[in-house]
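Asker: Sharing a model prediction with you, sequence too.
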Amino acid sequence: MIKREILEKILHWVGKEKILILKGARQVGKTTLLKQIIATLKEQNVEASTVYLRADDPKDSVYLQSTAVFEEYLKRNHGFPLRFSYVFIDEFQTIPQAGLFLKNIFDAHKEKLQLIVSGSSSLEITKNTEFLTGRSINFDISRISFREYFNYESGTDIRPIPLSDFDTLALFRKTYSDSITLHFKEYLAFGGYPEVITTTEHKDKEAILESIIKTYIEKDIAGFLRIENITGFNKLAKILSDQIGNLVNLSEISTTTTLSRNTTEKYLDVLVGTYVFDLVTPFYRNIRSELTKMPKVYALDTGIRNYFTRSFDADHCMDGHIIENFVYLELLHQFKKDYIHFYRTIGGAEIDFAIESAGNSMILGEVKYRPKASVPVAIKNFVTRYPGMVSNKIVFTKDTLERPFDGTIFLPVDILPFVDIVS
């Protein structure tokens, strides 16, 4: 089984007076995590009942139609309230007025039960959690990270190495370089869905990705969210997949897809809200001298991106835009999404990543996936324009691991998952 690093963070909150909400796309392993928590509780011989319900399953949803019915079900089947209950609810956003339902249960019985729930649409989760402010802890469950994948495939348990520990980084690179390179291509081609990762044959991986996409379209898009123009929706997904790392021009995309601008915006919100794409905003201090607030787009799984563009060839996946997308996904494991930006001037100078860090400082990152790389002029100009603001400058390279005297760090992209940038 693939070891998920977030499990330990979730377990820290188990048994405390908080609703735990696991958010993420379908089939990224939320159910597996819920069942691992249940297994952990049983291993610890916790004197409490564990209740597992799927809110999107008719035989379970009948118990979730009202607080009174839910309470009666727990009393009849799980010894509630005489016995403490851990209640696990999958796809909780499908419960009518889900947020209010959870709030009422929590407020009435927080000393007698804990709710641990999962959801696969941030649009609905956000709508339903306005009642849960101060009552819940949220966990974003991403696809399998490259480090989790590598540890699974190689049987290792490599933990992040501080960026400041350059000697250890160099030794690590020398020790694992060949193995990391081999797995890196595979990961870029097929992404991080658990079932895809644990499947061997490439054709089977492609078939599983197709099944995941079709299930997503049928259940989330056509079913739950009731999007009618599936053809237009798919066309938008394909266009965004083909322009990862680029600016999103809604007017141009609307013209290309023949969707109205309002519909294009709506479908884009859905693709972001269901964990298919992310939009990254620009960093700016002087609005007059920086470009407009047009965002850049990244796919939240390279396998999904490659499915929509029909390009699973490993060598093709070493394209610069896909590498940049990979860097973004890895940065998400260390920084909050809202802290990650890009930098672009009216003159067209661009820095791929401008990350807000501690003490109002910035970490600048530029992807230069080539044998030889130098410090980009845009980074030098940024440092000049904002003196004392930059805490780290990182150039993500193909092979170069160096730390010149000017303080810039040249870091091979494929060892980024094993580096703690923050420390």
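Answerer: Okay, I see it. Residues are numbered from 1 along each chain as shown.
Asker: Give me the residue at the spatial middle of the chain.
Answerer: residue 142 (3.8 Å; Cα atoms, centre = their mean).
Asker: Tell me which helix or strand it sits in.
Answerer: According to DSSP states H and E, residue 142 maps onto no helix or strand at all.
Asker: got it, and residue 203?
Answerer: Assigned by DSSP H and E, residue 203 falls in helix 202-215.
Asker: Next, the buried residues of that helix.
Answerer: 205-206, 208-209, 212-213 (16 or more other Cβ atoms under 10 Å). Placement of C-beta: from N, CA and C, glycine included.
Asker: now do stretch 159-167
Answerer: Buried, per 16+ other Cβ under 10 Å, within stretch 159-167: 160-161, 163.
Asker: Restricted to strands, list those residues.
Answerer: With strands taken from DSSP state E, the overlap with these comprises residue 161.
Asker: Now render the buried residues of stretch 159-167 as TSV, adding pLDDT.
Answerer: Listed next are the buried residues of stretch 159-167 as TSV, based on pLDDT from 0 to 100:
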residue	pLDDT
160	95
161	96
163	93
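Asker: any chance of the buried residues of stretch 159-167 in a markdown table, with distance to residue 96 too?
Answerer: A markdown table is the format used below for the buried residues of stretch 159-167 (distance: Cβ to Cβ, whole Å):
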| residue | distance to residue 96 |
| --- | --- |
| 160 | 42 |
| 161 | 48 |
| 163 | 48 |
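Asker: closest to residue 233 among the buried residues of stretch 159-167?
Answerer: The closest of those to residue 233 turns out to be residue 160 (Cβ to Cβ; 37.7 Å).
Asker: Burial check on the nearest residue to that closest one once chain neighbours are set aside, number of neighbours?
Answerer: Leaving out its chain neighbours, the residue that sits closest to residue 160 by Cβ to Cβ, 6 or more residues apart in numbering is residue 420, at 3.9 Å. By the criterion of other Cβ atoms under 10 Å, residue 420 has 13 neighbours.
Asker: In the stretch 151-300 of the chain, where is pLDDT below threshold?
Answerer: 286-292 (pLDDT under 70).
Asker: Can you show me the strands along it?
Answerer: Counting by DSSP state E, counting those that start in this stretch, the segments of the stretch 151-300 of the chain that form strands are 161-162, 277-280, 296-299.
Asker: I'd assumed residue 254 was in contact with residue 232.
Answerer: No - using Cβ atoms under 8 Å, residue 232 and residue 254 do not qualify as a contacting pair, with a distance of 10.2 Å.
Asker: Can you check which residues contact both of those two?
Answerer: Residues touching both residue 232 and residue 254 (Cβ atoms under 8 Å, 6 or more residues apart in numbering): residue 263.
Asker: coming back round to it: and which of the buried residues of stretch 159-167 is nearest to residue 273?
Answerer: Among these, residue 160 lies closest to residue 273 (Cβ to Cβ), at 29.7 Å.
Asker: so who does the closest one touch?
Answerer: Residues in contact with residue 160 (Cβ under 8 Å, 6+ apart) are 147, 418-420.
Asker: now these: which count as buried?
Answerer: Buried subset of those (neighbour count, 16+ other Cβ under 10 Å): 147, 418-419.
Asker: Not counting stretch 54-67 itself, show me its contacts.
Answerer: Residues outside stretch 54-67 that contact it (Cβ under 8 Å, 6+ apart): 53, 69-70, 73, 89-96, 98, 101, 104-105, 108.
Asker: Just the ones of those residues in strands?
Answerer: Those of the contacts of stretch 54-67 mapping onto strands are 53, 89-90, per DSSP E.
Asker: Compare the residues you listed and tell me which is most surrounded.
Answerer: Going by other Cβ under 10 Å, residue 89 tops the ones in strands among the contacts of stretch 54-67 with 28 neighbours.
Asker: Kindly state the beta-bridge partners for that residue.
Answerer: For residue 89, the beta-bridge partners are residue 53, residue 117 (DSSP bridges).
Asker: Tell me which stretches of the stretch 51-200 of the chain form helices.
Answerer: Ranges of helices within the stretch 51-200 of the chain are 58-61, 67-78, 98-109, 122-128, 146-154, 166-190, 194-197, based on DSSP state H, counting those that start in this stretch.
Asker: what's the closest of those helices to residue 261?
Answerer: helix 122-128 (19.4 Å).
Asker: how close does residue 237 sit to residue 326?
Answerer: Using Cβ to Cβ, to the nearest Å, residue 237 is found at 19 Å from residue 326.
Asker: Same check on residue 71?
Answerer: Taking Cβ to Cβ, one finds residue 71 at 47 Å from residue 326.
Asker: same thing with residue 408?
Answerer: Going from residue 408 to residue 326 by Cβ to Cβ gives 21 Å.
Asker: Between those two, tell me which one has more neighbours.
Answerer: Neighbours were counted for residue 408 and for residue 326 using other Cβ under 10 Å; residue 326 has more, 25 against 22.
Asker: Just to check, the more buried one is in contact with residue 412?
Answerer: No - using Cβ under 8 Å, residue 326 makes no contact with residue 412, being 12.0 Å away.
Asker: care to break this protein down by domain?
Answerer: Under the assignment automatic domain parsing, the domains of the chain span 6-140, 146-420.
Asker: And the closest residue to residue 408 other than its chain neighbours, its phi and psi?
Answerer: Of all residues not flanking residue 408 in the chain, residue 393 sits nearest, at 4.5 Å (Cβ to Cβ, 6+ apart). Dihedral pair for residue 393: phi -120, psi 120, per degrees, to the nearest 10.
Asker: Residue 376 - how many residues pack around it?
Answerer: 20.
Asker: ditto for residue 187
Answerer: Residues within reach of residue 187, counting by other Cβ under 10 Å, total 26.
Asker: excluding its backbone neighbours, what's nearest it?
Answerer: Leaving aside its sequence neighbours, residue 187 sits nearest to residue 146 (Cβ to Cβ, 6+ apart; 5.3 Å).
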